[in-house]
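Colleague: Build the 3D model from these lines:
(chains A, B and C)
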Amino acid sequence: MTAPEGLAGVLGGPVLTVAPALLGARVTHAGVTVRLTEVEAYAAAGDPGSHAFRGRTARNGAMFGPAGRLYVYFTYGMHFCANVVTGADGEASAVLLRAGEVVAGGDTARRGRDHLRERDLARGPARLAVALGLDREHDGLDLLDGTLVLAQPPADPARVRTGPRVGVSGEGGDGSRFPWRFWLDGEPTVSPYRPAVRRRRG
DNA sequence: GCCAGGATGTTCT
DNA sequence: GAACATCCTGGCA
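Modeller: This next block holds a predicted model:
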């Protein structure tokens, strides 16, 4: 039995503590359950990669809400990304759900993508959101209502690995990157590190 | 199997 | 007007 109070207490802690705690956690939505295998931490203070770095906007409003809520945003014109809001109310920290393993409802998670393997259904932030059926309408969704369940027992810290975030440009003016990416070593659903891709301006 | 490039809409300066 | 926390397809080895 997972007490919602305990979950809220964990999510209310520092984002760098919450992120590894989410590894192995299960997210159930729209009949699909995904076990998280890769996440990224995003904070507001001193984090140029965070949407909340420049303050609150109409889009990232959910980030400033209480911990345990869902923050969904639309990016690249066709992809949704799901985040778990963490930290204290108004702290504007969140954890991006980068990848996961579909453990239940794989048939539903396919959503017409039969050519994809089941392990690839939730590989990548956008695919993860698609697999769970999350879209902008679910922005601000309360995850404490059984949608998010922490791993019991928690993931072994020895399996948790950290590294630089992916796709975040301008990693700190100080030159130091933010090794705020967490993943479970040995998980096939975690894609290897991919250096930033140079996009040509159309 | 790996690498490279294009597509697509919203958001912010 | 430019950038974006990405994914998919095609081409080549």
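
Colleague: gap between the two ends of stretch A:115-135?
Modeller: Start to finish, the residues bounding stretch A:115-135 are 22 Å apart (C-alpha to C-alpha, to the nearest Å).

Colleague: buried set for it?
Modeller: The neighbour-count check on stretch A:115-135 (16 or more other C-beta atoms under 10 Å) flags A:116, A:120-132, A:134 as buried. Where you see a C-beta, it was placed from the backbone N, CA and C, and this is true even at glycine.

Colleague: out of those, which are inside helices?
Modeller: A:125-131 (DSSP state H).

Colleague: Out of these, the closest to DNA strand B would be?
Modeller: A:Ala126 (10.1 Å; C-beta to the nearest atom of the strand).

Colleague: related to what we said a few turns ago, just name the closest of the ones in helices among the buried residues of stretch A:115-135 to A:Gly100, please.
Modeller: Nearest to A:Gly100 out of those is A:Leu128 (C-beta to C-beta; 5.5 Å).

Colleague: give me the low-pLDDT residue ranges for chain A?
Modeller: Residue ranges of chain A with pLDDT under 70: A:1-5, A:166-178, A:191-202.

Colleague: hey, where'd the helices end up in chain A?
Modeller: Here chain A has its helices, by DSSP H, at A:4-11, A:15-22, A:106-110, A:125-131.

Colleague: quick one, which of those is packed in tightest?
Modeller: helix A:125-131 (a mean of 24; mean count of other C-beta atoms under 10 Å).

Colleague: same for it, what does it pack against?
Modeller: Secondary-structure packing of helix A:125-131 (3 or more C-beta pairs under 8 Å, 6 or more residues apart in numbering; DSSP states H and E): strand A:32-42, strand A:79-86, strand A:93-104.

Colleague: Show me which residues of stretch A:23-32 are buried.
Modeller: Buried, per 16+ other C-beta under 10 Å, within stretch A:23-32: A:23-29, A:32.

Colleague: can you redo those as TSV with distance to DNA strand C?
Modeller: What follows is the buried residues of stretch A:23-32, written out as TSV (distance: C-beta to the nearest atom of the strand, whole Å):
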residue	distance to DNA strand C
A:Leu23	16
A:Gly24	20
A:Ala25	17
A:Arg26	19
A:Val27	15
A:Thr28	20
A:His29	17
A:Val32	16
